[in-house]
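>>> got a predicted structure here, sequence first:
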Amino acid sequence: MPVLNERAYLEHAVASVLAQEVGVPAELVLALGPSSDGTTALARRLAAADDRIRLVDNPAAHIPVGLNAAIRASRYPTVIRVDAHSELAPGYAARALQTLQRTGAANVGGVMHAEGRTPFQKAVARLYNSPVGLGGGAYHGGRVEGEAESAYLGVMRREVLDEVGLFDESIRRGEDWELNLRIRQAGHRVWFDPELSVTYWPRESWLRLARQFRATGAWRGELVRRFGRRNGLRYFAPPVLLLFVVLAVVLGILQLTGVVSGIVSLIASGLVYVPLALYVLLVVGVALAPGGGGVRQRLWTLLVLPTMHLSWGLGFLGGVLRGAGDTVDASRLGTRNTPLP
């Protein structure tokens with residue numbers, strides 16, 4: 001479990017892991033980044049209270065670096081990746097071990113089920129669980145068991161990790177997708193089991209959500225630069241939406257200044273404004289659809305859905321054009337723009 005500024009979530013996440021009954025020796029290795037909210041002190045208290053918890057340092061703060069440090073420090077033949085912002089459902093680990101054995105897969109993952117506490121977080125969680133929000137990957141609500149492109153978190157055979165190498169530490173986001181690509185290229189299977197469920201708690205504020213999605217988009221753009229067509233077409237929808245928004249602004253200025261007028265203006269309006277109008281109707285429809293919660297949650301949905309798409313699209317275009325560089329997810333860091341000490 002890589003950990004950075006998770007004081008509000010860490011204790012529940014750790015409890016959900018330690019409550020797993022697997023019938024074999026197990027441990028929980030926490031990779032501690034340079035937290036500034038008291039998370040490290042809490043982790044040390046938890047480790048002092050339970051000898052199954054082990055601590056390793058992750059001064060770089062980056063997720064793949066912390067994951068690799070924890071894996072190298074681990075002692076058992078199965079690696080279960082967990083997240084400090086998540087909680088494992090009862091029986092998760094036992095079911096995953098059974099699925100590994102039954103399928104012969106190298107990595108098994110399940111459903112990421114987002115939950116929220118505030119109207120904002122509930123709106124984000126609902127969109128996480130919807131194909132409209134995050135694009136319909138199997139782990140966002142799939143129901144059919146079978147081979148998959150990637151796995152949420154992942155329950156992995158250590159021998160396969162040793163064979164293909166651990167997480168690529170040059171990739172700050174999307175490191176799981178890249179690892180699963182190498183696993184599949186080596187002839188192993190990645191498996192989706194919808195009976196496996198993990199509760200995920202999204203970011204708690206609009207600014208942090210926007211930061212998270214911009215960073216995630218930038219690294220997906222970097223992965224497109226590196227691996228091209230191996231990336232699914234759904235990743236290109238948000239940047240296309242952003243391009244339409246930019247075209248709409250430019251076209252509006254040209255029309256207001258009279259540079260574009262007449263039949264050309266009419267045709268251009270149909271090509272640019274109509275798709276955007278349909279998108280606006282989609283956003284409104286999602287906000288008003290059954291299950292949208294109370295008034296405040298529905299109003300947040302009107303802002304959250306475009307924020308997710310446009311922030312991701314902005315990051316993606318930057319990642320494709322110039323690479324992700326040193327882009328990091330600063331969404332857990334308040335006003336700071338880097339997790340480095």
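Noted; the coordinates are in hand. Numbering: from 1, shown residues only.
>>> doesn't L242 make contact with Y279?
No. With contact defined as C-beta atoms under 8 Å, Y279 and L242 do not form a contacting pair (11.1 Å). Quick note: C-beta positions are derived from backbone N, CA and C, even for glycine.
>>> list the buried ones in stretch 98-106?
By neighbour count with 16 or more other C-beta atoms under 10 Å, stretch 98-106 contains the buried residues 99-100, 105-106.
>>> okay, the spatially most distant residue from the centre of the chain: pLDDT?
Most distant residue from the mean C-alpha position of the chain: G262, 45.8 Å away (C-alpha atoms, centre = their mean). pLDDT recorded at G262 is 94.
>>> OK, contacts around it?
The contact partners of G262, taken as C-beta atoms under 8 Å, 6 or more residues apart in numbering, number zero.
>>> ok so, going back, adding secondary structure and distance to V79, write the buried residues of stretch 98-106 out as TSV.
Converted to TSV, the buried residues of stretch 98-106 look like this (DSSP: H, G, I helix; E, B strand; the rest coil; distance: C-beta to C-beta, whole Å):
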residue	secondary structure	distance to V79
T99	helix	15
L100	helix	11
A105	coil	13
A106	coil	11
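>>> tell me the one among the residues you listed nearest to L30.
Comparing these against L30 with C-beta to C-beta places L100 closest, at 23.2 Å.
>>> in this structure that closest one contacts R158, no?
No. Assessed by C-beta under 8 Å, L100 is found out of contact with R158, at 11.3 Å.
>>> please identify every residue contacting each of the two.
The contact lists of L100 and R158 share T78, where a contact means C-beta under 8 Å, 6+ apart.
>>> rewinding a little: redo the buried residues of stretch 98-106 as JSON lines? Include distance to L314.
Formatted as JSON lines, the buried residues of stretch 98-106 follow (distance: C-beta to C-beta, whole Å):
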{"residue": "T99", "distance to L314": "38"}
{"residue": "L100", "distance to L314": "38"}
{"residue": "A105", "distance to L314": "36"}
{"residue": "A106", "distance to L314": "35"}
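>>> select the helix or strand of the chain having the lowest average pLDDT value.
helix 131-134 (a mean of 84; mean pLDDT, DSSP states H and E).
>>> buried ones in that helix?
Residues 132-134 are the ones in helix 131-134 that count as buried (16+ other C-beta under 10 Å).
>>> which elements pack onto that helix?
Applying 3 or more C-beta pairs under 8 Å, 6 or more residues apart in numbering; DSSP states H and E, we find helix 131-134 packed against helix 119-128, helix 295-322.
>>> what about 7 Å?
Applying 3 or more C-beta pairs under 7 Å, 6 or more residues apart in numbering; DSSP states H and E, we find helix 131-134 packed against no helix or strand.
>>> who are the contact partners of the residue lying closest to V160 once chain neighbours are set aside?
Spatial nearest neighbour of V160, excluding adjacent residues (C-beta to C-beta, 6 or more residues apart in numbering): A106 at 4.1 Å. Taking C-beta atoms under 7 Å, 6 or more residues apart in numbering, we find A106 in contact with 156-157, 160, 183, 188-190.
>>> all helices for the stretch 151-300 of the chain, in order.
158-164, 175-185, 206-227, 237-256, 262-288, 295-322 (DSSP state H, counting those that start in this stretch).
>>> and the stretch 1-150 of the chain, by the same measure?
Using DSSP H, counting those that start in this stretch, helices in the stretch 1-150 of the chain cover 10-18, 39-49, 63-73, 92-103, 119-128, 131-134.
>>> which one of those helices lies nearest to A324?
helix 63-73 (12.9 Å).
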